[in-house]
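Below are the sequence and a predicted model; questions follow.
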Amino acid sequence: MATTTAATPAAPTGAMRWALIVGVQCLLAALLLLDVRLPFFLLVAAAATLFAYAWPVWTVYIVLAARVVTTTATSFRVGPVSLGLFEPSFALAYLVYLLRATVERRSILRSTPVTLPIVTFTAYCVLSTFWSPDVGDSIHETVIAVIFTFGFILVSSAIRETRQFEQALWIYVTVTCGYGILGMVLGTSDSTIYSDVQFKIMEGGGRTGGLGQQPNWFAMNLAFAVNPGFALAFVQRDWWKRWLLMGMTLTTIFAMITSGSRGGTWSVGIGILWVSLFNPRIRRFFVKYWLAGAMVFAIFMTFSIGNYSSAFTRIATQGIGTIIEGDVRISNWLACIQMAKETWGFGIGPGGYEVFIEHINAKIAESDQKYPHGIIWGLIAHQGVFGVLFFTVLAQRTFHHFYKAWSGVRGTRLEYYLLGASAAIIGYHCHGLIEFEIHDKPFWEFFGLFWALILISQRAAADPQALEALRLVPKARRGAARVRTDAAVPR
């Protein structure tokens with residue numbers, strides 16, 4: 001029986017090549033006539049696309065880093081939209097992965113046990129715009145919800161190997177440290193960065209706010225890298241890598257403290273306590289390396305270097321009582337509950353908080369503190385019962401799969417990565433009881449990285465050979481172990 005074979009596409013002829021070259025030149029010439037910068041931007045975009053297609057996972061690393069550094073001061077506005085490094089890198093990453101999926105005819109994006117709840121929550125946000133008191137603000141918040149949904153799916157899908165996670169974490173810790181240093185140098189109240197936006201809590205001086213951020217947000221932006229940085233340092237075999245990571249992580253903590261954020265600093269401490277409870281080896285590690293950090297902080301406090309002692313004093317002397325007593329937080333929390341009641345448990349929809357609060361509490365409406373002051377409170381106000389249910393399901397599934405993964409990779413590098421990343425998540429949500437909202441950056445991209453680690457750990461736990469290659473070697477046997485090469489965790 002005769003067989004048919006698929007015809008291979010003919011190679012371009014010389015005439016076709018010349019026509020293509022002439023066409024590209026004409027396009028560049030036309031763009032040059034419109035704006036001299038357009039051909040340059042086009043060439044840069046083409047080079048970036050080729051790079052991204054060849055090494056797609058690096059586009060995800062760039063997305064993670066860009067999410068940390070993209071702020072008001074590092075963005076420019078196009079109408080009502082702010083564009084920084086994050087937006088084009090995010091679009092490029094998705095474009096490349098969709099293009100590879102089309103060319104290779106296989107699904108690249110993957111689902112996690114929390115993907116469906118997140119997508120359902122986003123769909124509810126879209127639906128609830130129909131009864132929001134401020135449609136414009138509601139649409140803006142819904143767009144943000146869509147972006148964090150796709151951001152979570154992208155990061156959790158792209159990073160599939162231990163080596164990739166470690167590369168991502170190295171980049172994340174390094175970029176966060178660099179951003180923290182820039183924030184300390186440039187993020188003071190008298191900086192030109194704050195010429196367009198002013199925060200009342202910075203008026204007294206002595207508190208830094210990063211590159212155009214409110215100090216509490218600046219601190220939490222840095223906090224995600226602290227405990228994962230400690231975990232990455234702990235598993236290093238080379239002493240210089242360990243000290244480098246410890247130096248960057250301690251610098252990040254110091255940058256957090258200069259913000260004067262009590263919640264941000266306490267959240268890191270809660271994360272350290274969480275990690276220490278799980279493992280005695282890492283408790284000894286903290287005692288050893290924190291001594292160096294304590295000495296540096298003591299020097300700064302003693303000599304008031306950089307005028308940061310007031311921020312340190314604020315954190316050290318003002319406790320939880322000062323957060324609650326005489327504060328507007330409780331008034332906002334009661335208002336959030338009232339909003340849920342008045343909408344029969346459906347919530348007021350995304351956005352519209354400033355409009356709805358006018359008839360609930362006029363005093364808050366006239367202040368600059370008219371926002372929920374907490375993730376769960378924002379969910380109660382905006383999504384009502386559905387928001388609380390979403391948060392509960394998300395927390396339950398995440399903890400269940402984290403514990404299952406951690407139990408299967410004890411004694412390996414993955415165990416410490418899981419502890420460090422989970423400490424960042426827990427610390428954030430402890431701080432989130434009194435600050436932030438569900439869509440604040442960079443939580444969702446980091447949450448995607450955390451879930452990528454959970455899935456990597458679950459696959460490694462099912463493969464004894466791969467698990468053995470990731471096992472930590474005691475110091476007495478470390479010299480002999482160096483001759484062995486670690487096998488990569490299979491896809």
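In hand now; what should we look at?

drop to CA atoms for contacts and neighbour counts, all remaining ones
Fine.

surely Val328 meets Gln369?
Yes. Assessed by Cα atoms under 8 Å, Val328 is found in contact with Gln369 at 7.1 Å.

who's more crowded, the two?
More neighbours surround Val328 than the other of Val328 and Gln369, with 18 against 15 (other Cα atoms under 10 Å).

distance of the more buried one from Ile364?
8 Å (Cα to Cα, to the nearest Å).

Over to Arg397?
36 Å.

Just want to know which of the two has more residues nearby.
Comparing Arg397 with Ile364 by other Cα under 10 Å, the one with more neighbours is Ile364, at 19 against 14.

Name the nearest residue to the more buried one, sequence neighbours excluded.
Nearest non-adjacent residue to Ile364, counting by Cα to Cα, 6 or more residues apart in numbering: Lys370, 5.7 Å away.

Please look at that neighbour and Gly352 and confirm they touch.
No. Lys370 is beyond contact range of Gly352, at 10.8 Å (criterion: Cα under 8 Å).

got the contact list for the residue nearest in space to the middle of the chain?
Nearest to the geometric centre of the chain sits Pro442, at 2.8 Å (Cα atoms, centre = their mean). By Cα atoms under 8 Å, 6 or more residues apart in numbering, the contact list for Pro442 reads 67-68, 221.

Let me have those in CSV, extended by secondary structure, pLDDT and distance to Leu99.
As requested, those are arranged in CSV below (DSSP: H, G, I helix; E, B strand; the rest coil; pLDDT from 0 to 100; distance: Cα to Cα, whole Å):
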residue, secondary structure, pLDDT, distance to Leu99
Arg67, helix, 91, 23
Val68, helix, 91, 26
Asn221, helix, 89, 32
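
Sketch out the low-pLDDT regions of the stretch 151-300 of the chain for me.
187-207, 286-300 (pLDDT under 70).

give me that answer again for 90
By pLDDT under 90, the low-scoring segments of the stretch 151-300 of the chain are 181-221, 237, 239, 243, 246-247, 250-251, 253-300.

That one: strands as residue ranges?
Here the stretch 151-300 of the chain has no strands by DSSP state E, counting those that start in this stretch.

so how far does stretch 403-413 reach from one end to the other?
By Cα to Cα, one end of stretch 403-413 lies 15 Å from the other end.

Give me the residues contacting it.
Against stretch 403-413 from outside (Cα under 8 Å, 6+ apart): 235, 414-415, 418, 454-455, 457-458, 460-461, 467-468, 470-472.

Identify each buried residue in that stretch, please.
405-406, 408-409, 411-413 (16 or more other Cα atoms under 10 Å).

Give me the distance from it to the chain's centre.
In terms of Cα atoms, centre = their mean, to the nearest Å, the centre of stretch 403-413 is found 23 Å from the chain centre.

how's this protein carved up into domains?
Taking automatic domain parsing as the criterion, the chain consists of the domains 37-108, 113-472.

low-confidence ranges in the stretch 301-450 of the chain?
301-331, 351-352, 358-371, 373, 430-442.

try 70 this time
In the stretch 301-450 of the chain, residues with pLDDT under 70: 301-327.

how about the strands of it, start to end?
Going by DSSP E, counting those that start in this stretch, the stretch 301-450 of the chain shows no strands.

for it, what spans make up the helices?
Per DSSP state H, counting those that start in this stretch, the stretch 301-450 of the chain carries helices over the ranges 309-317, 320-324, 329-342, 353-356, 362-365, 375-408, 413-431, 443-461.

want to try JSON lines for those, with distance to Thr142 as columns?
Output for the helices of the stretch 301-450 of the chain, formatted as JSON lines (distance: least, Cα to Cα, whole Å):
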{"stretch": "helix 309-317", "distance to Thr142": "35"}
{"stretch": "helix 320-324", "distance to Thr142": "30"}
{"stretch": "helix 329-342", "distance to Thr142": "19"}
{"stretch": "helix 353-356", "distance to Thr142": "14"}
{"stretch": "helix 362-365", "distance to Thr142": "23"}
{"stretch": "helix 375-408", "distance to Thr142": "11"}
{"stretch": "helix 413-431", "distance to Thr142": "22"}
{"stretch": "helix 443-461", "distance to Thr142": "15"}
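
closest to Ile118 out of those helices?
helix 375-408 (7.8 Å; Cα to Cα).

Just want the angle from the closest one to helix 443-461.
Helix 375-408 runs at 20 degrees relative to helix 443-461, counting by axes from the mean of the first three to the mean of the last three Cα atoms, to 10 degrees.

Quick check: buried residues in helix 375-408?
Quick answer for helix 375-408 (16+ other Cα under 10 Å): 375-391, 394, 398, 401-402, 405-406, 408.

distance of Phe130 from Ala123?
12 Å.

for Thr70, same thing?
According to Cα to Cα, Thr70 and Ala123 sit 26 Å apart.

more neighbours, the two?
Thr70 (20 against 14).

The more buried one reaches Phe86, doesn't it?
Yes. Counting by Cα under 8 Å, Thr70 touches Phe86, with 6.1 Å between them.

returning to that earlier point: and the contacts of Pro442, which is closest to Ser111?
Arg67 (22.1 Å).

for the residue nearest to Ile364, phi and psi?
phi -90, psi 70 (degrees, to the nearest 10).

count of residues packed around it?
21.

How about the contacts made by it?
Contacts for Lys370 (Cα under 8 Å, 6+ apart) come out as 332, 353-354, 357, 364.

if you set the cut-off to 10 Å instead, what comes out?
Applying Cα atoms under 10 Å, 6 or more residues apart in numbering, we find Lys370 in contact with 328-329, 331-332, 335, 353-355, 357-358, 361, 363-364.

Equivalent analysis for Ala65, please.
Counted by Cα under 10 Å, 6+ apart, Ala65 has contacts 59, 85-86, 89, 168-169, 171-176, 179, 442, 445.

Work out the gap between the strand or helix carrying it and the centre of the chain.
Assigned by DSSP states H and E, Ala65 belongs to helix 56-69. Relative to its chain's centre, helix 56-69 lies at 10 Å (Cα atoms, centre = their mean).
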